[in-house]
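1. Whatever this is, show me its structure:
(2 chains)
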There are 2 protein chains.
Amino acid sequence: MFKAKIFLPSLFLFAFFFSITSALWPIPQKWTKGDDTLVVYPSIPIKLNPNTAKILSVKSQQAFTSAKNRLQKFLAQERYVSPNVKFNISSKAKQLDHVIINVSTDQDFEINIDESYTLEISEETLVAEISAKTVYGALHGLTTFSQLVYYDNDYLKHEKHQRLYLPFAPHKIVDAPAFEYRGLMLDTARNYYPIEDILRTLDIMSWNKFNVFHWHIVDATSWPVVTKAYPKLSEKGAYDPKTMIYTKQDISIVDEYAKMRGIHVVPEFDMPGHTQAIASGYPEIVSCANEQPRWDLYAAEPPSGQLNPAIPETYTFLENIIPELTSYFSEKYYHAGGDEVNMECWNQDASIKYYLGNNSGSSLNTLIAKFIDKTHELVRKSKKIPIAWQETVVEYNLTLGKDTLIQVWKDDVTSKQVAKKGYKMIMGTSDYWYLDCGHGAWIGNSVNGTSWCDPFKTWQKIYSYNPTSGLTEEEAKLVIGGEVLLWSEQSDPTNLERMLWPRSSAAAEVLWSGTNNRNVVEALPRLHDWRFRMVKRGVQAEPLQPLWCARNGGCDLPQS
Amino acid sequence: MFKAKIFLPSLFLFAFFFSITSALWPIPQKWTKGDDTLVVYPSIPIKLNPNTAKILSVKSQQAFTSAKNRLQKFLAQERYVSPNVKFNISSKAKQLDHVIINVSTDQDFEINIDESYTLEISEETLVAEISAKTVYGALHGLTTFSQLVYYDNDYLKHEKHQRLYLPFAPHKIVDAPAFEYRGLMLDTARNYYPIEDILRTLDIMSWNKFNVFHWHIVDATSWPVVTKAYPKLSEKGAYDPKTMIYTKQDISIVDEYAKMRGIHVVPEFDMPGHTQAIASGYPEIVSCANEQPRWDLYAAEPPSGQLNPAIPETYTFLENIIPELTSYFSEKYYHAGGDEVNMECWNQDASIKYYLGNNSGSSLNTLIAKFIDKTHELVRKSKKIPIAWQETVVEYNLTLGKDTLIQVWKDDVTSKQVAKKGYKMIMGTSDYWYLDCGHGAWIGNSVNGTSWCDPFKTWQKIYSYNPTSGLTEEEAKLVIGGEVLLWSEQSDPTNLERMLWPRSSAAAEVLWSGTNNRNVVEALPRLHDWRFRMVKRGVQAEPLQPLWCARNGGCDLPQS
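-> I've put the predicted structure just below:
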């Protein structure tokens, strides 16, 4: 009665043959591969070359051992079956014998350390060999190796077993990061995150080859950091003085945990704005603290409050607190903030009016310069390098020390301005890399409001960002990297992982693999594979598409 | 040197005094309360009035026992401290003696059953008395009671103890739902959810006094339901024939679990569109299955595919499958779908062309009428009432049985049209109640795309929706309720709870408490309290604001 639809057979073939052979994330700079599948047992030896062992410091050896333990855990537990990586398993498949790691130098752990590595997996010698200049390069090699291993994709047809597979051998990977600073920022002040959430985030970051955790640790809403010099900061300014704090010991745990994963912890103590929480314990040094209901006259967000730059008490505070805060972190960079200073807040403060009336030549601008200069001076005195938000140089027009790293959150007009002034910078513009955008208005009585940086930044949008966009080749050299950022007005432990992952992975690849030839069509199947592997590792990384699309493709927009 | 800021003391008072005495969600129709705090021990007896016990069926008694067990578990484990509900605890506080439940009738569990209840808590008799016409009303009373109990808000100062507190006694609550159909739809076909996620969702729904779980159980991407009549539906059409399916037994577990919580499970088997998954096992009855790459010509989303209404094999399929599918669910309503039929899909099908050429007077429109009529006839033959998407009556202009319930997903222009045709309806417009909106384009190669129903629907937006908007008083009576909907292109178990909660709670209050005088300013502190209580119950309900705002208020937009 009717004819069979002529398209069906070819379409089924289409679906059947949709599979990929390349699923590393971030993708290596150079990668050649074959079509053999090797067998890997979870017990495979992972050895440090004896010559390497001799030259490595205790710290470096610890980092290696820590990475090796993580890889062994993955091999023992992961049993990952990809939705789209398919491979043949021959009954004669050879077994990979061991993994060996060579490191040629021992270097201090700094952001510009050499992180390159090579990974060769030979189906003749049956050895996986990782070579790197530093142990931190070797760590990346082990991370890459962990992504090459799969569980039997026909496992439903077989008995449960221990064997893993490493398809598409032999492999030769030559890899190094495009940018030296590959960061993720988390705001732990608007809502609090227990240390466990931060450690978990560091783990996932390391799998994505991020190397900087920018810890936006205090803000107007809370000051969770326990300090000796000013105990009331956390006693009054933390959300809970006993359970919602970060002690010196907590910070040291985070710092050490990060280092074992090749990640630098850059703390941010944002000042002079965003400091209402300080007023809970020390109201005498904070202007316009929690003005209500017209907070909007004095701050970008409630609660308003800025350190008062006109009184000596504030500088005493800085002199006492900055040496203590800097001492808690091993990283050289220290983010001193400086964004969104509101002049109205200071304008209406009686003590500031008094100061301006009695100091000729003074102005709000000289006051902000005085404050930031003092802060940076104290940071340098503590042998740290200051980071400052873009406002300091493009809005307040301050002249900062040439070592200062500028963080740009606006656009490439801003980065151009910063470049012309000759500062090094890190990029993370709100149009592309703000992970909190698109979640609607959090201001209580805004019924039809959207987030100020609407719309939601999809992985595709994040992936399309070039941190050096708009700059000349020479200017682009000033961009040492970038960051994705999660501001926590609408985030806390309940939704942290799905706000970060897998979207941050898109930024990770831009920062590691570089901005050349990034293409969402090529990237999507790999990102599916990587997202599903992260989920298998226990990450609440949200889905990009229906599983049907991950498996079959065919969910792109036809380019008609 | 400077004067103290004159605003500070009053602002601190402002913050200190920000607390609420009313934190039920959804808010009862009538509620008077006092200012005494009673002590409640987790072991408090919860008794069914002996006269009630006599008249209740076994089923109703089971529902009561199940609810009682849940309440006892909360009392034993919850220890909830609110961010904004503060109360005084007197050392002389009296202890609540018991909870007693009176039910006056035994009725079948139907959507229009009487769900009213009263709850009186006397500080003289020290009894909490719940009275209801049906056991399902009594269940709501127990749910309300569970929200009135708090742990010591000064717990950090005290030893850990078992005591709970019931502040603001005496209470007198007279309550009943504004709408009889209060639903939440979950799409379990685009991505799969294990039964555990569905059961968990039913739990949280019941706390919010939802009474309908609309289970959008199959779609173009997958058919997880195991059937006897057509085993290849799930063998070929499920994402995994062993692990990603719903068996008859699974469905029965969900159905029973829901009933014990006063929730009706309305299944949807969407046809004739959205049926590509059927083609995996039965390609002969599906037109335009997975057309690539131009799926967009044949469907709103990939993969394309519609049941073929021109061939007898399709009607045989319906005759065999609908009696089986309807038999799996105890609920009277059965959602037969009918949305987004694409005429091009059928136009290009050779068998349909053949049919149209050989049947004078036939057209695509008579074919769709034939298909839907047959489906609804079979639904009614199985003693069920069909639900249909709005397209059936406002786009295809079909005349359906007057018992048919129409689901409107567009706007109040549509509801007006449906009302004029005299159908009962349920509302859930995409502009307000689609929970998936605002998450960006999921189509792979769309770099700058947003979701078609951008922006994100905030709780405020959801809360501002009136399901009877645009209708006359008479027409409004046709609206028996509404639904929030989660389509799962970008959702799966990793982000389910934070996509649903606490935003669905906003809809729950509109549907239960009614559309009069809903005000986000009044609602916000209560919703904070409720969200934090849900989190304490283990729900990954995302935060509405920084904790600072939840505690202190002062995060509204100044109305200048």
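
2. Go through stretch A:126-134 and flag the buried ones.
-> A:128-134 (16 or more other CB atoms under 10 Å in any protein chain shown). Every residue, glycine included, has its C-beta placed from N, CA and C.

3. Keep those, but drop any that are not near chain B.
-> When contact is defined as CB under 8 Å from any CB of the partner chain, the buried residues of stretch A:126-134 do not meet chain B at all.

4. Could you save those as JSON lines and add columns showing pLDDT?
-> Below are the buried residues of stretch A:126-134 laid out as JSON lines (pLDDT from 0 to 100):
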{"residue": "A:128", "pLDDT": "98"}
{"residue": "A:129", "pLDDT": "98"}
{"residue": "A:130", "pLDDT": "98"}
{"residue": "A:131", "pLDDT": "98"}
{"residue": "A:132", "pLDDT": "98"}
{"residue": "A:133", "pLDDT": "97"}
{"residue": "A:134", "pLDDT": "97"}
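
5. Of those residues, which belong to strands?
-> A:128-132 (DSSP state E).

6. Most widely separated two among the residues you listed?
-> A:128 and A:132 (13.4 Å; CB to CB).

7. what's the neighbour count on the spatially closest residue to residue A:272 that is not a sequence neighbour?
-> Nearest non-adjacent residue to residue A:272, counting by CB to CB, 6 or more residues apart in numbering or on different chains: residue A:307, 3.9 Å away. The number of residues packed near residue A:307 is 25, by other CB atoms under 10 Å in any protein chain shown.

8. now the helices for the stretch 1-150 of chain A?
-> A:8-16, A:50-55, A:58-77, A:135-148 (DSSP state H, counting those that start in this stretch).

9. Would you mind finding the most buried of those?
-> Comparing the helices of the stretch 1-150 of chain A by mean neighbour count (mean count of other CB atoms under 10 Å in any protein chain shown), helix A:135-148 comes out on top with a mean of 24.

10. which secondary structure elements does that one contact?
-> If contacts are counted by 3 or more CB pairs under 8 Å, 6 or more residues apart in numbering or on different chains; DSSP states H and E, helix A:135-148 sits against helix A:58-77, strand A:98-103, strand A:117-121, strand A:127-132, strand A:164-175, helix A:195-207.

11. Repeat the analysis, applying 7 Å as the threshold.
-> Under the contact criterion of 3 or more CB pairs under 7 Å, 6 or more residues apart in numbering or on different chains; DSSP states H and E, helix A:135-148 touches helix A:58-77, strand A:98-103, strand A:117-121, strand A:127-132, strand A:164-175.

12. Considering helices and strands only, name the one in chain A with the lowest mean pLDDT.
-> helix A:8-16 (a mean of 39; mean pLDDT, DSSP states H and E).

13. Neighbours of the closest residue to chain B within the stretch 201-350 of chain A, how many?
-> Residue nearest to chain B within the stretch 201-350 of chain A (CB to the nearest CB): residue A:221, separated by 3.8 Å. Burial of residue A:221 is recorded as 28 neighbouring residues (other CB under 10 Å).

14. Also the one 5 residues further on?
-> As a burial measure, residue A:226 scores 20 neighbours (other CB under 10 Å).

15. same thing with the one 4 residues further on?
-> The number of residues packed near residue A:230 is 21, by other CB under 10 Å.

16. give me phi/psi at the closest residue to it other than its chain neighbours?
-> Excluding its sequence neighbours, the residue lying closest to residue A:230 (CB to CB, 6+ apart) is residue A:321, at 6.0 Å. With angles defined as degrees, to the nearest 10, residue A:321 sits at phi -90, psi -40.

17. residue contacts, residue A:321?
-> Residue A:321 makes contacts with A:227, A:229-230, as judged by CB atoms under 7 Å, 6 or more residues apart in numbering or on different chains.

18. Let me know the pLDDT of residue A:89.
-> Confidence at residue A:89, expressed as pLDDT, is 88.

19. do the one 3 residues further on as well
-> In this prediction, residue A:92 carries a pLDDT score of 91.

20. what's the distance between it and residue A:533?
-> Residue A:92 sits 27 Å away from residue A:533, taking CB to CB, to the nearest Å as the criterion.

21. Tell me, how many residues neighbour residue A:228?
-> 9.

22. Please name the nearest non-neighbouring residue to it.
-> According to CB to CB, 6+ apart, the nearest residue to residue A:228 is residue A:324 (6.3 Å).

23. pLDDT score for that neighbour?
-> 98.

24. Surely it forms part of a strand?
-> No: using DSSP: H, G, I helix; E, B strand; the rest coil, the assignment for residue A:324 is helix, not a strand.

25. near chain B, which residues of the stretch 351-500 of chain A?
-> Residues of the stretch 351-500 of chain A lying close to chain B by CB under 7 Å from any CB of the partner chain are A:351, A:354, A:438-448, A:450, A:454-456, A:458, A:460-461, A:464, A:489-492, A:494-495, A:498.

26. so which of the ones in strands among the buried residues of stretch A:126-134 comes closest to residue B:48?
-> Of those, the one sitting nearest to residue B:48 (CB to CB) turns out to be residue A:128, at 67.5 Å.

27. Quick check: which ranges of the stretch 101-250 of chain A have low pLDDT?
-> A:153-160 (pLDDT under 70).

28. OK, contacts around the residue nearest to residue A:228?
-> A:227-229.

29. A strand includes residue A:448, no?
-> No: assigned with three-state DSSP, residue A:448 falls outside any strand and is coil.

30. Quick check on it: phi, psi?
-> According to degrees, to the nearest 10, residue A:448 has phi -110, psi 10.

31. burial of the nearest residue to it once chain neighbours are set aside, as a residue count?
-> In space, and not counting its chain neighbours, residue A:448 is closest to residue B:461: 6.7 Å by CB to CB, 6+ apart. For residue B:461, the neighbour count with other CB under 10 Å is 25.

32. From the contact counts, what lies against the helix or strand that contains residue B:461?
-> Assigned by DSSP states H and E, residue B:461 belongs to helix B:459-463. Other helices and strands packing on helix B:459-463, by 3+ CB pairs under 7 Å, 6+ apart, are helix B:430-433, helix B:503-513, helix B:520-536.

33. which one of the ones you listed is the most hemmed in?
-> Ranked by mean neighbours (mean count of other CB under 10 Å), those are led by helix B:503-513, with a mean of 27.

34. From the rest of the structure, what touches stretch A:191-200?
-> Contacts of stretch A:191-200 (CB under 7 Å, 6+ apart): A:222, A:224, A:239, A:244, A:250, A:253-254, A:257, A:488, A:491-493, A:496, B:543, B:546-547.

35. Please compute how far it lies from its chain's middle.
-> 14 Å (CA atoms, centre = their mean, to the nearest Å).

36. Over to stretch A:434-442?
-> 18 Å.

37. re earlier: out of the helices and strands packed on helix A:135-148, nearest to residue B:169?
-> Among the helices and strands packed on helix A:135-148, helix A:58-77 sits nearest to residue B:169 (CB to CB), with 52.2 Å.

38. and that closest one, what other elements does it pack with?
-> Right, helix A:58-77 is packed against strand A:46-48, helix A:135-148 by 3+ CB pairs under 7 Å, 6+ apart.

39. Hey, what's the angle from it to strand A:164-175? Just curious.
-> Following axes from the mean of the first three to the mean of the last three CA atoms, to 10 degrees, one obtains 140 degrees for the angle between helix A:58-77 and strand A:164-175.

40. Kindly export helix A:58-77 (C-alpha atoms) in CSV.
-> Extracted C-alpha coordinates of helix A:58-77, given in CSV (Å, rounded to 0.1, in the frame of the first residue of the first chain):
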residue,chain,number,x,y,z
VAL,A,58,60.7,16.6,48.5
LYS,A,59,57.8,19.0,47.5
SER,A,60,58.0,18.0,43.8
GLN,A,61,58.2,14.3,44.7
GLN,A,62,55.1,14.8,46.8
ALA,A,63,53.3,16.4,43.9
PHE,A,64,54.2,13.5,41.7
THR,A,65,53.1,10.9,44.3
SER,A,66,49.8,12.7,44.8
ALA,A,67,49.1,12.8,41.0
LYS,A,68,50.1,9.1,40.7
ASN,A,69,47.7,8.2,43.5
ARG,A,70,44.9,10.1,41.8
LEU,A,71,45.6,8.4,38.4
GLN,A,72,45.6,5.0,40.1
LYS,A,73,42.3,5.7,41.8
PHE,A,74,40.8,6.6,38.4
LEU,A,75,42.1,3.4,36.8
ALA,A,76,40.8,1.4,39.7
GLN,A,77,37.3,3.0,39.9
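
41. Alright, I will stop here.
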